[in-house]
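S.K.: Need coordinates for the following:
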Amino acid sequence: MLGFISSRIIQALAVMLAMSMLVFLGVFAIGNPIDVMLAPDATQDIRAQAIAFYGFDRPIWEQYLRFLGRLLQGDLGSSFVYNIPVMQLILSRLPATLELTLIAVISATLIGVPLGMYAGYRPDAPLSRFIMAFSVLGFSVPTFWIGLVLILTFAVTLGWLPAGGRGETATVFGLEWSFLTADGWKFLLLPALNLALFKLSMMIRLARSGTREIMLSDTVKFARAAGISEWGVLRHHVLRLILVPIVTVFGLEFGSTLAFAVVTETIFSWPGLGKLIIESIGSLDRPVMVAYLVLVALLFITINLLVDLAYAALDPRIRRGRNA
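M.R.: Sure thing, here's the model as predicted:
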């Protein structure tokens, strides 16, 4: 087991190194931030001083090595636009994205799994057909279109909820959170609903397929023969067996939603990481762009590593097969 863990960690570090190189080179190829940072009438001497100050006159390999050295020390550089450390900037925006993502993914799981289990338990019932039709709609309709419809309906037409922003926040451990205030929840509801619809559809279909498969298995037949009630079968056997893929998907979807909530945050003017990266791309704020993409890569690599290790711990055949 120790050898398996070591090999997976080494692979993860190698992938992270390759991703950092690709991210740095990709961002380096996008425009010239000096053109955005300086006024159009800046003299050539000022431009040359700015280029030398930020190290843009160095060869690209030297710039990458300097970036890698700072990265290993936990230093992601300073933002060109905000003129503060990138880590401080990201941490100031992270709570907004984190609470939005958690509310969306958790609510989608808590609602989608029971609906999917019912659709798998009674596949021919009218309600089950409606649930599956809804899941198809959630997969098919673009997120940005749903967001605009939600704003038009609940903010513009009905006036029940605000169209954008974050609202009142409460500070805990130096970080601002919206879910701790009643006003913050008003601003949270629409973007969280928009972000949760696709995840809800995924959880419904995943739970339904797992329930249909398990309901036809010998495990359920033996449980019924032993006199266990249908509720007991669903709770103790079906739910327990479908939880492994659901937990895996929950972790991966949480990572993807946290990293790519760009569309929702842009539509609802939610001041999170997604909106930050869009602003950074517009202003060619390279340190923020590189730091964001590196952290996203680190997030996915870490999640995949934890999933691999969890599977290896649960099923010894996996680690034996991979070591063979």
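
S.K.: all contacts plus neighbour counts: C-alpha atoms, from now on.
M.R.: Will do.

S.K.: Figure out how far the helix or strand hosting residue 22 is from the centre of its chain.
M.R.: For residue 22, the element it lies in under DSSP states H and E is helix 2-28. Here the centre of helix 2-28 is set off from its chain's centre by 19 Å, with C-alpha atoms, centre = their mean, to the nearest Å.

S.K.: for it, what is the average pLDDT?
M.R.: Per-region confidence: helix 2-28 scores 78 on mean pLDDT.

S.K.: can you pull the buried residues of it?
M.R.: Buried residues in helix 2-28, defined by neighbour count with 16 or more other C-alpha atoms under 10 Å: 4, 8-9, 12, 16, 19-21, 23-25, 27-28.

S.K.: Can you tell me the element residue 176 falls in?
M.R.: Assigned by DSSP H and E, residue 176 falls in strand 175-177.

S.K.: can you list the residues that contact that strand?
M.R.: 92, 95, 96, 99, 169, 170, 171 (C-alpha atoms under 8 Å, 6 or more residues apart in numbering).

S.K.: Mark which of those residues are buried, thanks.
M.R.: Judged by 16+ other C-alpha under 10 Å, buried ones among the contacts of strand 175-177: 92, 95, 96, 99, 169.

S.K.: Excluding covalently adjacent residues, which one is nearest to the first one?
M.R.: Read that as residue 92. Nearest non-adjacent residue to residue 92, counting by C-alpha to C-alpha, 6 or more residues apart in numbering: residue 175, 7.1 Å away.

S.K.: and that neighbour, how many neighbours does it have?
M.R.: When neighbours are counted by other C-alpha atoms under 10 Å, residue 175 registers 14.

S.K.: same thing with residue 66?
M.R.: For residue 66, the neighbour count with other C-alpha under 10 Å is 12.

S.K.: Now the element after whichever strand or helix holds it, going C-ward?
M.R.: Taking DSSP H and E as the criterion, residue 66 maps to helix 60-72. Going down the chain from helix 60-72, the next helix or strand is helix 86-121, by DSSP H and E.
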